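[1] Return atomic coordinates for the entry below.
(one chain, ligands or ions: 2)
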Amino acid sequence: MAIQRPKGTQDLLPGTIEQWQYLEETIRNVCRDFGYEEIRTPMFEATELFQRGVGQTTDIVKKEMYTFLDKGDRSMTLRPEGTASVCRAYVENKLYGQPLPVKLYYVGPMFRYERPQSGRFRQFHQFGVEVLGADQPLVDAEVINLVWNLYQRLGLVGLEVHLNSVGCPKCRATHREQLQKFLATRKAELCNDCQERFERNPLRILDCKNPHCQAVTGGAPTTLDTLCPDCSTHFEKVLSLLAGAGVAYRVNPRLVRGLDYYTKTAFEVMVEEIGAQSAICGGGRYDGLVEEIEGPATPGIGFAMGLERVLAALQVQGKFNKKQPKQFAMLIALGDKAQNRGFSLMSALRARGIPISMDLLGRSLKAQLKAANREGAEFALILGEEELERGVFLLRDLTSGDQVEIPLDKAIEVVSMKHQRGV
Ligand code: ATP
Ligand code: MG
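    Ligands and ions are numbered 1, 2, ... in the order given. A predicted model of the protein is given here:
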């Protein structure tokens, strides 16, 4: 059998790649308008970065990492997420020496060894934002507002931001105690994963997808019940800023993000229509992470958005129904000499930034005209032996069918004018 792509990966082909390009372009526009700059970090990193940065008890680190030994016997991991890498780069390149906060974004593939299903891949793409060096609730609101603004520009509807505060290490300790007390007598009813979480990271039991565990934790104390005054004021301020910005949010006290490093604000954006994997974006504040990877104490907040899921939502909501014209003009040259002259004319037009292409298969006039229509071209420049001898070519408007004869030495001028009028 012919070689196939690895399970859980995709070939993004012409026809849908335009949707990706449109989404990425919109993302870059929003980031530019909000004053965020792009960062590109390596696709693989020392395994330890994710073990420390994402956290030993997370599903990502425990089950999902693509880890391998390189030829120098170093343990490397294909990045499963972007935040740890961005923080590593922040520390390594001493970005904290710049005026704060540092506002960064990234777009690119991530890798997780998961069971592939609809909306869940082994290589998928994330757009993410990280703001480092600012602890004000204003930043939390700005970052969530950026997500919201992107969805508005894309025309997505029916989205809801789920918000919670998971507190700081101080109030988290109180919560941990109360939660363990609540669960102590019911520990045996929890799934194996949660029994393990009981000591290491009981908060994550609230996030377990197992229905038994959800039933057991139904009335459990939430982090909102135990917020310290500082975390509580912070959360209230975020909520009031978001309300003022018109962001549709819902406080969900059971929302716990999958990563270990979150503090205070945690959020997720859900869209019902794309099925079981309805989370299109997740994020939160991580005031302890930079220190965890041996950088200077630095507050941080960010999110990551799954682009496959955003595209699925755009498709379900019918945002991609318009067919885009592909090409402005086609050059149709018939015969060897016309081909030479045509090629040189096409090159001159391309040098002026005019979109034009020509038949590469030596086909008949009829076949070339058909191809021009298929490409959605607006004009055909037709050049046969007879026209060449008279120093002219035919400019055919493919929408109206009108055709005019134009001197070859006026070609650039006339075609440029047509193109300018179109744009
Ligand atoms: P999930 O609960 O769906 O596994 P997660 O908590 O693991 O999500 P994050 O690590 O927060 O996800 O990643 C942020 C976003 O990236 C998710 O909201 C989702 O849109 C997307 N995402 C995560 N894992 C995958 C995957 N395997 N395939 C496609 N998209 C993904
Ligand atoms: Mg996951």
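
[2] And the helices in the stretch 201-350 of the chain?
    211-216, 229-244, 289-292, 307-316, 336-351 (DSSP state H, counting those that start in this stretch).

[3] okay, those in TSV with distance to ligand 1 next?
    All C-beta spots, glycine's among them, are computed from the backbone N, C-alpha and C. Below are the helices of the stretch 201-350 of the chain laid out as TSV (distance: least, C-beta to the nearest ligand atom, whole Å):
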stretch	distance to ligand 1
helix 211-216	15
helix 229-244	19
helix 289-292	14
helix 307-316	4
helix 336-351	38
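
[4] of these, which approaches Gly282 most closely?
    helix 307-316 (10.8 Å; C-beta to C-beta).

[5] Now the closest one: buried residues?
    307-314 (16 or more other C-beta atoms under 10 Å).

[6] same deal with stretch 341-351?
    Buried, per 16+ other C-beta under 10 Å, within stretch 341-351: 341-342, 345-346, 349.

[7] now do stretch 191-202
    191, 193-194, 197-198, 201-202.

[8] what's the answer for stretch 73-90, then?
    In stretch 73-90, counting by 16+ other C-beta under 10 Å, buried: 76-90.

[9] do the same with stretch 378-386
    378-384.

[10] before we move on, back to that, reformat the buried residues of stretch 191-202 as JSON lines; add pLDDT and secondary structure.
    Converted to JSON lines, those look like this (pLDDT from 0 to 100; DSSP: H, G, I helix; E, B strand; the rest coil):
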{"residue": "Cys191", "pLDDT": "93", "secondary structure": "coil"}
{"residue": "Asp193", "pLDDT": "87", "secondary structure": "helix"}
{"residue": "Cys194", "pLDDT": "90", "secondary structure": "helix"}
{"residue": "Arg197", "pLDDT": "86", "secondary structure": "helix"}
{"residue": "Phe198", "pLDDT": "89", "secondary structure": "helix"}
{"residue": "Asn201", "pLDDT": "83", "secondary structure": "coil"}
{"residue": "Pro202", "pLDDT": "88", "secondary structure": "helix"}
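
[11] From Ala313, how far out is the residue in the stretch 201-350 of the chain positioned nearest to ligand 1?
    Distances between the stretch 201-350 of the chain and ligand 1 by C-beta to the nearest ligand atom are smallest at Gly306, namely 2.3 Å. Between Gly306 and Ala313 the computed distance is 10 Å (C-beta to C-beta, to the nearest Å).

[12] got it, and Asn373?
    Asn373 sits 33 Å away from Ala313, going by C-beta to C-beta.

[13] For the residue in the stretch 1-150 of the chain that ligand 1 sits nearest to, which three-state class applies?
    Closest residue of the stretch 1-150 of the chain to ligand 1, C-beta to the nearest ligand atom: Phe124 (3.5 Å). At Phe124 the chain is in strand, as set by DSSP: H, G, I helix; E, B strand; the rest coil.

[14] returning to that earlier point: quick one: which two of the buried residues of stretch 191-202 are the most distant?
    Every pair of these checked by C-beta to C-beta; the farthest is Cys191 and Asn201, at 14.3 Å.

[15] Within range of ligand 1, give me the residues from the chain.
    81, 112, 114, 119-121, 124, 126, 258, 277, 279-282, 304, 306, 308-309 (C-beta under 6 Å from any ligand atom).

[16] immediately after the helix or strand bottoming out on mean pLDDT in the chain, which helix or strand?
    Counting by mean pLDDT, DSSP states H and E, the chain has its least confident helix or strand at helix 59, which shows a mean of 84. For helix 59, the following helix or strand on the C-terminal side (DSSP states H and E) is strand 66-69.

[17] I would like the residues contacting that following strand, please.
    By C-beta atoms under 8 Å, 6 or more residues apart in numbering, the list of residues contacting strand 66-69 from outside reads 47, 75-78, 80, 111-113, 122.

[18] Show me which parts of that strand are buried, residue by residue.
    So, applying 16+ other C-beta under 10 Å, buried residues of strand 66-69: Thr67.

[19] pLDDT (mean, whole number) over that strand?
    For strand 66-69, the mean pLDDT works out to 98.

[20] cool, stretch 335-347 as well?
    What stretch 335-347 shows for mean pLDDT is 96.

[21] Alpha carbons only: can I get that stretch in CSV?
    C-alpha atoms of stretch 335-347 as CSV (Å, rounded to 0.1, in the frame of the first residue of the first chain):
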residue,chain,number,x,y,z
GLY,A,335,2.0,28.6,-31.6
ASP,A,336,5.7,28.7,-30.8
LYS,A,337,6.5,32.3,-31.7
ALA,A,338,3.3,33.6,-29.9
GLN,A,339,4.3,31.6,-26.9
ASN,A,340,7.7,33.3,-26.7
ARG,A,341,6.3,36.8,-27.2
GLY,A,342,3.4,36.0,-24.7
PHE,A,343,5.8,34.7,-22.1
SER,A,344,7.8,37.9,-22.2
LEU,A,345,4.6,40.0,-22.0
MET,A,346,3.3,37.9,-19.1
SER,A,347,6.7,38.4,-17.3
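
[22] Quick check: beta-bridge partners of the residue nearest the centre of the chain?
    Centroid-nearest residue in the chain: Phe127, 2.9 Å away (criterion: C-alpha atoms, centre = their mean). Beta bridges link Phe127 to Val107, Met305 when assigned by DSSP bridges.

[23] shift numbering so it begins at 330
    OK, 330 is where the count begins now, so the last one is Phe456.

[24] thought it was touching Tyr434?
    Yes - using C-beta atoms under 8 Å, Phe456 is in contact with Tyr434, at 7.0 Å.

[25] Can you work out which residues contact both of the two?
    Common contact partners of Phe456 and Tyr434 (C-beta under 8 Å, 6+ apart): Ile356.

[26] Could you list the buried residues of stretch 573-581?
    Buried residues in stretch 573-581, counted by 16+ other C-beta under 10 Å: 576, 578, 581.

[27] what sits in contact with each of Gly635 and Ala642?
    Counting by C-beta under 8 Å, 6+ apart, the common neighbours of Gly635 and Ala642 are Ile609.
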